[in-house]
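Asks: Kindly return the folded structure for what I paste below:
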Amino acid sequence: VCSSDLHREALRLRPGDPRFLNNLAVACEADGRFRDAIPVWEEAVRRQPDSLPANLALGIVRLASGDFERGWRGYEHRLDRDPGPDRLGPTLPRWDGKPVDGPILLASTDGFGDAIMGIRHAAEARSRCREVVVRCAPPLMRLLGTAPGVDRVISDQGPFPDAVAQASIHSLPGVLGRPFPDGSM
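Replies: So this is what the prediction gives:
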């Protein structure tokens, strides 16, 4: 259990209040006690199932505590934020990692560093589809285009390409079931 007596007292006085659940979970995380934060975030999600921050936080603490399968699923909630030019296409289905007969769009939806780290999984993605198209910011185009498995790179300033499915580059470890570079789970 986390060390914050103030947060516990607030929850005792107002049981289930999402603000106090949030504060207690964050206190657990700040103490590095991710596993203790999980049931608190689960309670927050149970009380507010549509809460993007609670669902995302639950995914992140699950990843941090080693629950990769559920953690990666929860981490996908970051893509449900308001769409912008760096988000996924509105009409393409999200790719589940299964082989498809057609091109897959991999979009850079997070920071440049996340895209650079995640693109190492493009070769495995390519083994499950006919073509890998990467959509990213112009400064990343040349670099990401050199990654094994990438067939084509397009700017995130233009339209979305024809594809059968899409995924965030940073989501690839979870989509492919490979949270670590060595392929272990």
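Asks: Name the nearest residue to Arg126, sequence neighbours excluded.
Replies: Gly149 (3.5 Å; CB to CB, 6 or more residues apart in numbering). C-betas here are computed from N, CA, C, even on glycine.
Asks: In this protein, mark out all the helices, start to finish.
Replies: 5-13, 18-30, 34-47, 52-64, 68-75, 112-118, 122-126, 138-144, 172-176 (DSSP state H).
Asks: who touches the helix or strand bottoming out on mean pLDDT in the chain?
Replies: Across the helices and strands of the chain, the lowest-confidence element by mean pLDDT, DSSP states H and E is helix 5-13, at a mean of 75. For helix 5-13, the surrounding residues in contact (CB atoms under 8 Å, 6 or more residues apart in numbering) are 2, 17, 20-21, 23-24, 27.
Asks: for those residues, which one is nearest Pro93?
Replies: Checking those against Pro93 by CB to CB gives Leu21 as the nearest, at 32.9 Å.
Asks: quick one: the closest one and Glu43 touch, right?
Replies: Yes: judged on CB atoms under 8 Å, Leu21 makes contact with Glu43 at a distance of 5.7 Å.
Asks: more crowded one of the two?
Replies: Taking neighbours as other CB atoms under 10 Å, Leu21 and Glu43 compare with Leu21 leading, 26 against 19.
Asks: picking up where we left off before, and which of the contacts of helix 5-13 is nearest to Ser127?
Replies: Nearest to Ser127, judged by CB to CB, of the contacts of helix 5-13 is Leu21 at 42.3 Å.
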